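>>> Sequence and computational prediction follow.
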Amino acid sequence: MKAMVIKPGVSKIGAVHWERRLFDSLIPLPDGTSYNAYLVEGKEKVALLDTVDPMTEYILMEQLKDVKKIDYIIAHHAEQDHSGSIPAVLEKYKEAKVVCTPKAKTFLIDLLPIPEDKFITVEDGDTLDLGGKTLKFIHAPWVHWPETMFTYLVEDKILFTCDFLGSHLATSELYATDECKVYDSAKRYYAEIMMPFRNFIEKHLEKIKDLDIEIIAPSHGPVYNNPEFILNAYREWVLDKPKNIVLIPYVTMHGSVKKMVEYLEAALVERGVIVKPFDLSVTDIGEFAMALVDAATVVMATPTVLVGPHPMAVYAAYLTNALKPKVKFISVIGSYNWGSKAVDQITQMFGNLKVEFIPSVYIKGYPKEEDFKALDALAEEIVKRHKEAGIM
Ligand SMILES: Cc1cc2nc3c(=O)[nH]c(=O)nc-3n(C[C@H](O)[C@H](O)[C@H](O)COP(=O)(O)O)c2cc1C
């Protein structure tokens, strides 16, 4: 990818990683990703904002081939997909300094071979004049590590936000022109990476609300020349107002739990609830994470395996708890044969969440007449709780 000019003296470089399909050995990437770096050239000094994942370092170094000097490398975040190529850039530009928060300095020293004398640390609100281009640093911890910050380029009204507001989306376009597509990718990114930090996000949105922002330039996915598009999306996602949606992540080995899920799904839909079942044996777990952004209720559906819940249900429950969604109600349905602690074990897994538990429907074997009645009662109870919470 050649440099893409955003404004005179400001260009997007970095790498588009079209074929990458898994991030952090955890997150599915159906649309690949990108590692965006930005070059800001003032009359006196030149700054490189972030680098790229070491897997694509050669692309960045090729882009820097004709760049005579870099005075500053601004490191917004110490994670290696942005910082991992800093050593290579420092090797080429011997005079360059790494500019970051004090916490990021300690992280970068831990994670990478960067000598201590290469750093300049900046406090919240500090500025750096490149000559007609002023970088203003905004500390923004916990999006999504404790050391993160943004940079506001004052004269050009560009906010560089690193992971915050980003999306895992490989594209050859500079700007987020296909907003439907980008909305989905950004929501997936928010769900998987940012959602556990909703409180911090609210504070950061408040902190930047009076900035005059023309462009938001994140470090994954396209740049936003319509900043309100992504800011409004985040405002809605962090709001503590779930929607009238029930998620049913389920596992079945021989069909009993599946029959229960199908019945409960129909019973809820009949009563005016939106239902999203996820067969955990085949689902893209990112789709489930995305659905967690809005859902009011999660019904875990699992058979008993070796006394406890099926391991795939354990994974979904663990993830739900870790991502700290705005879910308000949780229930468990499922099936066993001779003895089970599945309900107890799974309900203990949501310690991070402020949820009410709705009594479970846990049956012996394949569901029968009285079990379907119990599922009807569960559907009624969910509707009642949604109504009481003003969700429907
Ligand atoms: C590998 C395996 C382990 C199981 N372990 C237990 C168990 O510890 N306790 C129990 O009551 N049932 C156990 N079962 C039985 C299932 O929980 C039961 O058949 C259930 O109805 C299966 O639901 P499904 O048809 O949705 O797969 C086990 C079944 C399998 C295949």
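Great, that's in hand. Residues are numbered from 1 along each chain as shown.

>>> Spell out which residues of the stretch 201-350 of the chain are next to the ligand.
Counting by Cβ under 6 Å from any ligand atom, the residues of the stretch 201-350 of the chain close to the ligand are 252-257, 303-307, 335-340. In this view, the C-beta of every residue, glycine as well, is placed from N, C-alpha and C.

>>> can you tell me which residues contact residue 222?
For residue 222, the set of contacting residues under the criterion of Cβ atoms under 8 Å, 6 or more residues apart in numbering consists of 167, 169, 171, 173, 174, 175, 176, 177, 182.

>>> Mark which of these are part of helices, please.
Using DSSP state H, the subset of the contacts of residue 222 located in helices is residue 182.

>>> which of the contacts of residue 222 are buried?
For the contacts of residue 222, a neighbour count by 16 or more other Cβ atoms under 10 Å gives the buried set as 167, 169, 171, 175, 176, 182.

>>> quick one: the fifth one and residue 218, what's the gap?
In this case it means residue 176. When distances are taken as Cβ to Cβ, to the nearest Å, residue 176 and residue 218 turn out to be 10 Å apart.

>>> Overlap of the contact sets of those two?
Counting by Cβ under 8 Å, 6+ apart, the shared contacts of residue 176 and residue 218 are residue 224.

>>> Find the closest residue to the ligand in the stretch 51-200 of the chain.
With Cβ to the nearest ligand atom as the measure, residue 191 is the residue of the stretch 51-200 of the chain nearest to the ligand, at 27.3 Å.

>>> dump the residue contacts of that residue.
Applying Cβ under 8 Å, 6+ apart to residue 191 gives the contacts 286, 289, 290, 292, 293, 323.

>>> which ones are touching the fourth one?
It refers to residue 292. Shown here is residue 292, whose contacts under the criterion Cβ under 8 Å, 6+ apart are 191, 195, 247, 298, 320, 323, 325, 327.

>>> Just the ones of the residues you listed in strands?
Restricting the contacts of residue 292 to those inside strands, with DSSP state E as the criterion, leaves 247, 298.

>>> For the contacts of residue 292, give me TSV that also has pLDDT.
Formatted as TSV, these follow (pLDDT from 0 to 100):
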residue	pLDDT
191	97
195	98
247	98
298	98
320	98
323	98
325	98
327	98
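
>>> Now for residue 388: which residues touch it?
Taking Cβ under 8 Å, 6+ apart as the criterion, residue 388 is in contact with no other residue.

>>> and the gap between it and residue 329?
10 Å.

>>> cool, residue 56 as well?
When distances are taken as Cβ to Cβ, residue 56 and residue 329 turn out to be 43 Å apart.

>>> now swap in residue 280 and tell me
Applying Cβ to Cβ to residue 280 and residue 329 gives a distance of 20 Å.

>>> before we move on, what about residue 241?
Using Cβ to Cβ, residue 241 is found at 14 Å from residue 329.

>>> Repeat that for residue 101.
From residue 101 to residue 329 the distance is 39 Å (Cβ to Cβ).

>>> more crowded one of those two?
With other Cβ atoms under 10 Å as the criterion, residue 101 and residue 329 differ in neighbour count, and residue 101 comes out ahead with 25 against 21.

>>> Which residues are in contact with the more buried one?
By Cβ under 8 Å, 6+ apart, the residues touching residue 101 are 121, 122, 137, 139, 147, 148, 149.

>>> Next, name the residue at the spatial heart of this structure.
With distances taken as Cα atoms, centre = their mean, residue 193 lies nearest the centre of the chain, 2.6 Å away.

>>> tell me how far stretch 6-24 is from the chain's mean position?
In this view, stretch 6-24 has its centroid 17 Å away from the chain centroid, taken as Cα atoms, centre = their mean, to the nearest Å.

>>> How about that stretch, which residues are buried there?
For stretch 6-24, by 16+ other Cβ under 10 Å, it's 6, 9, 10, 11, 12, 13, 14, 15, 16, 17, 20, 23.

>>> so how far does that stretch reach from one end to the other?
Criterion Cα to Cα, to the nearest Å; first-to-last residue distance in stretch 6-24 is 30 Å.

>>> pull the CA atoms of the helix or strand where residue 57 lies into CSV?
Element membership of residue 57 [criterion: DSSP states H and E] is helix 57-63. Once side chains and other backbone atoms are set aside, the C-alpha atoms of helix 57-63 remain, and they are given as CSV (Å, rounded to 0.1, in the frame of the first residue of the first chain):
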residue,chain,number,x,y,z
GLU,A,57,7.1,-4.8,9.2
TYR,A,58,8.6,-5.1,5.7
ILE,A,59,5.7,-3.2,4.3
LEU,A,60,6.2,-0.3,6.7
MET,A,61,9.9,-0.2,6.1
GLU,A,62,9.3,-0.1,2.3
GLN,A,63,6.9,2.8,2.8
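
>>> what's the next secondary structure element after that helix?
Beyond helix 57-63 in the direction of the C-terminus, DSSP H and E gives the next helix or strand as strand 72-74.

>>> Per the annotation, how does this protein divide into domains?
The chain breaks down by automatic domain parsing into domains covering 4-238, 246-382.

>>> Point out the one among these that comes closest to residue 392.
Within those, the stretch nearest residue 392 is domain 246-382; the backing value is 6.3 Å (Cβ to Cβ).

>>> Sweet, I'm off.
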